[in-house]
Structures are given as structure tokens and as C-alpha cells.
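Peer 1: got a predicted structure here, sequence first:
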Amino acid sequence: MTSIYMGTEMDEDGDYVDVYRLSRRKLTARKQHRCNRCRRPILVGEQYWRDFSMAGKEPFMEKWHADTRLCFELACRNTGHHGPAHDLCVITQQGRPR
């Protein structure tokens, strides 16, 4: 299995751990999910992305809408996030590639 290094994050003990993405798949929802990026529901029949990752020794899964442009715009607007999501939001608002 090929993993992709995603950076570091702080765990619940305050220690920094390496984060690796182990898989990414584009799926069609068979049941409703909650988007990890914009918090809106992912409805049955909608396409979404699912990542399986490891932060240190802890596995975790993230799901988000396949239309990541709208997803990132909402996350940026709702949280004031200042990272990759914010950068994508700014690029989208400036009319660059969608």
C-alpha cells in the first residue's frame, strides 16, 4: 500500500504526530453522511470523496462532497479557516479555475 505524507498535527496529548493518507476513493453515497469540510449532509446518490488516514497510530476517515469547490467555499465562509481551504476559497472568489 502506498501512503502519502500529509504533514503533522497535534494529538489529544499535545504531541505532534505525522499524518499519512493511506487511501482516497470517490464513492456514491448509499446512506446519508456528514461532510467533514462544510458540515452539510452528503445525500443518498451524491458522489463524495473518502480518505482513510493515520495520525500517529490512530486511524481516521474523512468524507466530503465531490464538488469540493462549493464545499471549500462554505467551509471558508463558515469557519474563517486560514489554510488550504481558505486559499482555494480566495482563488474561487477571484474567478480562477473552478
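Peer 2: Received, thanks.
Peer 1: Tyr48 touches Arg30, doesn't it?
Peer 2: No. Checked against Cβ atoms under 8 Å, the pair Tyr48 and Arg30 is beyond contact range at 10.9 Å. Placement of C-beta: from N, CA and C, glycine included.
Peer 1: if you count what's nearby, which of those two comes out ahead?
Peer 2: Comparing Tyr48 with Arg30 by other Cβ atoms under 10 Å, the one with more neighbours is Tyr48, at 21 against 8.
Peer 1: what about that one, distance to Asn36?
Peer 2: According to Cβ to Cβ, to the nearest Å, Tyr48 stands 10 Å off from Asn36.
Peer 1: now do the shared contacts for those two.
Peer 2: 63-64 (Cβ atoms under 8 Å, 6 or more residues apart in numbering).
Peer 1: who's in contact with the longest strand along the chain?
Peer 2: The residue-count maximum for a strand in the chain (DSSP state E) belongs to strand 16-28. By Cβ under 8 Å, 6+ apart, the residues outside strand 16-28 that reach it are 1, 3-11, 45-56, 58, 66.
Peer 1: which strands and helices sit next to the helix or strand just after it?
Peer 2: Reading on from strand 16-28 to the C-terminus, the next helix or strand found by DSSP states H and E is strand 33-34. The contact analysis (3 or more Cβ pairs under 8 Å, 6 or more residues apart in numbering; DSSP states H and E) places strand 33-34 against strand 41-42.
Peer 1: name every strand pairing with the strand it packs on and say which way it goes.
Peer 2: strand 33-34 (antiparallel) (DSSP bridges).
Peer 1: off-centre distance for the partner strand?
Peer 2: For strand 33-34, the separation from the chain centroid amounts to 12 Å (computed by Cα atoms, centre = their mean, to the nearest Å).
Peer 1: now stretch 15-26
Peer 2: Using Cα atoms, centre = their mean, the offset of stretch 15-26 from its chain centre is 11 Å.
Peer 1: what residues sit buried inside that stretch?
Peer 2: Neighbour counts over stretch 15-26 (16 or more other Cβ atoms under 10 Å) mark 19-20 as buried.
Peer 1: where along this structure do the helices fall?
Peer 2: Along the chain, the stretches classed as helices by DSSP state H are 68-79, 84-93.
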